[in-house]
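[1] when you get a sec, could you give me coordinates for this:
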Amino acid sequence: MSKRREALPFACGKTKIYFRSGALESLESDRMEYFSARAVVIQAWYRKSIALWSYYCLRKAVVRLQARVRGNATFSSYHAKKRAVLRLQTNTRRQLARLEYRSRRENGAATKIQAVWRRVGPMRELKKAKFAVVSIQKAMRGRRDRSNLTEKLAVCVEEARMDHRLSTLQQQVQDEASFCGETISVDEKLLEEIEE
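    A predicted model of the protein is given here:
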């Protein structure tokens, strides 16, 4: 058994473990290799996490940058096309306006003559319509004036009758007063006659 004890690089006591020279160093080196390997794994995982995070951030930034570049390119392309279309439209309108101006200039005298002749017919119609309107207005005013005149004439005749009756009554009262010698005033007599 003593050979066996000597073959082992360590000896166990009740509270302690004893190692031969060189045995502890080999265990320590194994432990250090184990820790170093695990530290490398942890460091690799941490580096991977940081690299992924920076990759995602970079990717988002690149996507945003690409979108902005594409947007600017599309925007400038749109405005370039819009300017080109506007140039085409203005040139086309200018050419059409020139052609219209030339044709109007060449046909200007004919247009004036046509305009004068086109006005003659409607002017005649307008004069006829005005004459008809004036005639209708004249007839309506005459009818209205005749009815007003008839009413006023009837009022005047009634007033004249009343005045004539009043004057005859006054004459009768004066005649009776002079014959009878009574001193009745003219106004009282008139009031009596009116009440009857």
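
[2] so which elements touch the strand or helix carrying Ser167?
    In the assignment (DSSP states H and E), Ser167 maps to helix 108-180. Here helix 108-180 touches helix 186-195, going by 3 or more Cβ pairs under 8 Å, 6 or more residues apart in numbering; DSSP states H and E. In short, each C-beta sits where N, CA and C put it, glycine included.

[3] ok, the spatially most central residue of the chain to Val134 distance?
    In the chain, the residue lying closest to the centroid (Cα atoms, centre = their mean) is Lys82, at 26.1 Å. Distance of Lys82 to Val134, given as Cβ to Cβ, to the nearest Å: 61 Å.

[4] repeat that for Arg104.
    Arg104 sits 40 Å away from Val134, going by Cβ to Cβ.

[5] and Tyr46, by the same measure?
    From Tyr46 to Val134 the distance is 108 Å (Cβ to Cβ).

[6] then Arg59?
    With Cβ to Cβ as the criterion, Arg59 and Val134 are 91 Å apart.

[7] ok, now Ser76?
    Here Ser76 is placed at a distance of 71 Å from Val134 (Cβ to Cβ).

[8] the longest helix anywhere in the chain packs against which elements?
    Across the chain, the helix with the greatest residue count (assigned by DSSP state H) is helix 23-106. Packed against helix 23-106 by the contact rule (3+ Cβ pairs under 8 Å, 6+ apart) you find no helix or strand.

[9] give me the distance from that helix to the chain's centre.
    Distance of helix 23-106 from its chain centroid, counting by Cα atoms, centre = their mean, to the nearest Å, is 39 Å.
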